[in-house]
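J.: When you get a sec, could you give me coordinates for this:
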Amino acid sequence: MTGALTQAHRLDEALQERTESNRVFFEAEAERLARVCHLMAERFARGGRLVAFGCTPGARSDVRHVAVEFVHPVIVGKRALPAIGLAPDAVALLAEPDDIAMVFGDDPEARAAVATARERGCLTLGFAAVGAEWQFRPPSGDPSVRQELVETLYHVLWELVHVFFEHRGLLEGRQAARVHDTGASSFLYPFLAEAETDLDAVLEDVRRSVLAKAAEVGDLRAQTLTDNRGTLAAAAKGIRHDFEHGGKLLALGNGGSATDAMDAVADFRLPPDPAWAARPALDLTEDPAILTALANDIGTDAIFARQVIAYGREGDALLALSTSGNSSNVIEALGEARRRGLRTVAMVGYDGGRVASEELADHVVVTRSEHIPRIQEAQASAYHLLREFVETGS
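T.: Numbering: from 1, shown residues only. Below is the predicted model of the structure:
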């Protein structure tokens, strides 16, 4: 019982730290984020691209995440924007003057790539002291909390850069339209119908929207960690047992959830706390040759299940991430994992979808929202604490 109480106390403490860090960070940075959204929109309007880069496995998961969000928008009515994730050494070859360079990490290679991007005329953004024009430094000593704040930040940039496309008169080099239609975004951003020439007013509305989105994820994080505290504790205890008996962890997801699987695996292999053990973990989204071969020759439903057949053994564990809980390839993989004797853990959004309603996993963590960016941000807190509890739980 003492161990359970200690773990419950730690979850409350972790939630409190995240809530306060989230509030402090976005209250301090909301105005600057609004201005960066405007500058990014100008770059995109001139034909620029988002070029993200980083070196470490954890940094690369964010690189891939921000790129896929811009290229493949998950909110109906948002346009796709050009973005790519690169290794730092590719910046010198591929960065162009109107691009937006976003760096993750603070290693020497990242700093050198930032300097190169600035020389090329790119707009540069970073999340540490790396020499970028715009630096946003999360106020936490916990690397997991910092990652969660940065993930919310780049989701917010992606969501709100679109506001300025609806005010073309505010974009350098573009001509304001006479007729403005807010379209599908009107219920989210009613200020879009205001005058095209009042930049300060639009910036103020975007600033307020940043704060609203930060508050939303704060509430959703609290729901996720509070409602699912028993599930997280049980899942962590089971996964620790699997590791202690020679098992490994497999992780998977689609799109942004694939990059979250990358992040989870990076944390198991390279612990954020040096006191924790490195654990064997496989990212089933990692190999594009395998994924594209299976998708092309068999179909996308099989891309994870076939890998569970290849790599999964009785006594292993599978972590599946899905915002909907209905993705066919995730459901197929969970079914295959159960047939082979793997422990199954699923983190899902909305109402949990089929995964929750049909009890397709041993442990199901439900984040109750229909807003995909916020779901992923709250799920990051859940798998970060799952990782911690594997090492520190009773």
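J.: who touches the spatially most central residue of the chain in this structure?
T.: By C-alpha atoms, centre = their mean, the chain has its centre lying nearest to Glu151, at 5.0 Å. Counting by C-beta atoms under 8 Å, 6 or more residues apart in numbering, Glu151 touches 62, 65, 376-377, 380. Using the backbone N, CA and C atoms, a C-beta is placed for each residue, glycine as well.
J.: Verify the stated contact: Pro272 with Val145.
T.: No. Here Pro272 does not reach Val145: they are 10.1 Å apart, not a contact under C-beta atoms under 8 Å.
J.: which of those two has more neighbours?
T.: Val145 (22 against 16; other C-beta atoms under 10 Å).
J.: Next up, identify which helix or strand that one is on.
T.: Using DSSP states H and E, Val145 falls within helix 143-165.
J.: ok now stretch 331-342, how far from the chain's centre?
T.: How far stretch 331-342 lies from its chain's middle: 25 Å, per C-alpha atoms, centre = their mean, to the nearest Å.
J.: can you list the weak-confidence ranges in the chain?
T.: 1-5, 172-197, 394 (pLDDT under 70).
J.: Please parse it into its domains.
T.: Taking automatic domain parsing as the reference, the chain has its domains at 22-216, 228-392.
J.: Let me know which of those is tucked in deepest.
T.: Each of these was assessed for mean neighbour count using mean count of other C-beta atoms under 10 Å. The highest is domain 228-392, with a mean of 21.
J.: how about the residue nearest to Leu157 when sequence neighbours are not counted, what does it touch?
T.: The shortest distance from Leu157 to any residue other than its chain neighbours is 6.0 Å, reached at Cys37 (C-beta to C-beta, 6 or more residues apart in numbering). By C-beta under 8 Å, 6+ apart, the contact list for Cys37 reads 157, 160-161, 163-164, 206.
J.: cool, and Ser357?
T.: Asp351.
J.: Look up how far Leu270 lies from it.
T.: Per C-beta to C-beta, to the nearest Å, Ser357 is found 36 Å from Leu270.
J.: ditto for Thr56
T.: For Thr56 relative to Leu270 (C-beta to C-beta), the value is 8 Å.
J.: related to what we said a few turns ago, can you add distance to Ala222 and give the domains of the chain back as JSON lines?
T.: As requested, those are exported to JSON lines (distance: least, C-beta to C-beta, whole Å):
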{"stretch": "domain 22-216", "distance to Ala222": "10"}
{"stretch": "domain 228-392", "distance to Ala222": "9"}
